[in-house]
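Colleague: Please find the sequence and the predicted model below.
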Amino acid sequence: MSMMRSVLLAISENRWMRERGPRLWFVRRAARKFMPGEASDDMLRAAGELRPAGIDAVFTRLGENVTDAAEASAVTRHYLDVLDAIAAQGIRCEPSIKLTQLGLDLGKDQAYAHLRALAERSHATGNYLWIDMEQTSYVDVTLELTRRLKREFPRVGVCLQAYLYRAKDDLKVLIDEGIGVRLVKGAYKEPAELAYPKKADVDENFFALAVTMLEGLSRRNGFRPVFGTHDSALIVRIRAHAERAGLAARDVEVHMLYGIQRAEQGRLVNDGAIVRVLIAYGAYWFPWYMRRLAERPANVWFVLRSMFAG
Ligand SMILES: Cc1cc2nc3c(=O)[nH]c(=O)nc-3n(C[C@H](O)[C@H](O)[C@H](O)COP(=O)(O)OP(=O)(O)OC[C@H]3O[C@@H](n4cnc5c(N)ncnc54)[C@H](O)[C@@H]3O)c2cc1C
């Protein structure tokens, strides 16, 4: 892991920086590149603007490690309201949530009650519920609660991180149970005992898992493979493999983050792939934004430049 990436990820988890970082005006300004705004209306507007380009959305209200039960309930109510607004406005936008935002650190029963309420509303409004994956200490419980949820609600998916050695085994279970999988490389700082330290190995594992996911389509049990990446070379490889396997272009579904690789998103849509863009919003954006900087340390120059931009 590069020194810059380690430093940025350490900052993302530092409590002192989490409180003070967002107050720095030049950080706020630079973060706008990845967020249309802090309010849910900003997200809904951005989702509506993507539609003419043939791109649907996924949304997440930023927040993690909520340790106040009242706040976890308020977050849940917020998501319920947004799910209703999406249904009322006819926008194609799927929720993606972090379990620690629903109070997982306070206990898994309460977090599951919130999660279940979201799945119920999401189901009632014809939507699909995604669950994010956080640090390795949360992987077991996230998969456990996802599997429990899937037994009651059909349209549920979870994020799987290709940097983890265990991803291959977890994927098998998820495919068997018809749970959607959004494969990503992984955004956190993890030890070499648990995660591939070298990027090239993560990329190779991503491709191997993608091949298994495309095979999983033949199960026709509701399994939904999604590739959450901006890596154009990897997407080309996956699409070529899908074509060789006789799959249609629209069997490859790619999710990217708002503000990254916009031209590539358009190209993929023109080529027949399904593309969704994950739009994040909310006031608690600092750790999330630091992880975006860590993914591409060149973004740090963007922050510095915005200090001097008029
Ligand atoms: C839809 C979606 C959902 C995600 N959900 C999770 C999750 O639940 N848990 C989790 O651990 N991780 C999640 N991630 C983050 C993921 O793990 C990676 O950290 C992130 O996607 C960067 O990896 P990459 O696949 O884009 O490939 P990389 O090899 O890192 O990047 C490939 C290319 O994409 C571009 N790029 C990548 N990142 C950036 C950036 N920040 N700014 C500008 N350009 C960039 C660059 O051109 C780069 O060369 C998610 C990512 C996406 C797209």
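Modeller: Nice, thanks for sending it over. Please read all numbers here as calculations on a predicted model, not as lab measurements.
Colleague: Now do the contacts for the residue of the stretch 1-150 of the chain found nearest the ligand.
Modeller: With C-beta to the nearest ligand atom as the measure, Asp132 is the residue of the stretch 1-150 of the chain nearest to the ligand, at 3.4 Å. Glycine gets a C-beta too; all of them are placed from N, C-alpha and C. For Asp132, the contacting residues are 60, 96-99, 159, taking C-beta atoms under 8 Å, 6 or more residues apart in numbering as the criterion.
Colleague: neighbours around Arg296, how many?
Modeller: Other residues near Arg296 number 12, with proximity taken as other C-beta atoms under 10 Å.
Colleague: Spell out which parts of this protein neighbour the ligand.
Modeller: Among all residues of the chain, those adjacent to the ligand (criterion: C-beta under 6 Å from any ligand atom) are 132-133, 159, 161, 184-188, 228-231, 255-257, 260-261, 278, 292, 295-296, 299.
Colleague: which of the residues you listed count as buried?
Modeller: Buried residues within those, defined by neighbour count using 16 or more other C-beta atoms under 10 Å: 132-133, 159, 161, 184-188, 228-231, 255-257, 260-261, 278, 292, 295, 299.
Colleague: Can you name every helix or strand that the helix or strand harbouring Leu145 contacts?
Modeller: Assessed by DSSP states H and E, Leu145 sits inside helix 139-150. Packed against helix 139-150 by the contact rule (3 or more C-beta pairs under 8 Å, 6 or more residues apart in numbering; DSSP states H and E) you find helix 108-124, strand 129-131, strand 156-161, helix 167-176.
Colleague: chain center to the first one, what's the gap?
Modeller: It refers to helix 108-124. A distance of 18 Å separates the centroid of the chain from that of helix 108-124, by C-alpha atoms, centre = their mean, to the nearest Å.
Colleague: cool, the third one as well?
Modeller: Computed by C-alpha atoms, centre = their mean, the separation of strand 156-161 from the middle of its chain amounts to 8 Å.
Colleague: Also the shortest one?
Modeller: On the basis of C-alpha atoms, centre = their mean, strand 129-131 sits 9 Å off its chain's mean C-alpha point.
Colleague: Give me the mean pLDDT for that strand.
Modeller: Across strand 129-131, the average pLDDT comes to 98.
Colleague: Report the strands that pair with that strand, each with its relative direction.
Modeller: Taking DSSP bridges as the criterion, strand 129-131 sits next to strand 93-97 (parallel), strand 156-161 (parallel) in its sheet.
Colleague: most packed of those strands?
Modeller: Of all the strands paired with strand 129-131, strand 156-161 has the most neighbours on average by mean count of other C-beta atoms under 10 Å, namely a mean of 25.
Colleague: before we move on, the earlier item: just the ones of the residues of the chain next to the ligand in helices?
Modeller: Of those, the ones assigned to helices by DSSP state H are 292, 295, 299.
Colleague: Out of those, the closest to Gly246 would be?
Modeller: Closest approach to Gly246 among those (C-beta to C-beta): Glu295, at 33.5 Å.
Colleague: pLDDT on stretch 168-181, on average?
Modeller: Rounded to a whole number, the mean pLDDT of stretch 168-181 is 98.
Colleague: Check which residues of that stretch are buried.
Modeller: With burial defined by 16+ other C-beta under 10 Å, the residues of stretch 168-181 counted as buried are 170-171, 174-175, 178-181.
Colleague: Quick check, pLDDT for Ser306.
Modeller: According to the model, Ser306 carries a pLDDT of 66.
Colleague: What score does the nearest residue to Leu106 once chain neighbours are set aside have for pLDDT?
Modeller: Leaving aside its sequence neighbours, Leu106 sits nearest to Ala69 (C-beta to C-beta, 6 or more residues apart in numbering; 5.9 Å). Ala69 is assigned a predicted lDDT (pLDDT) of 97.
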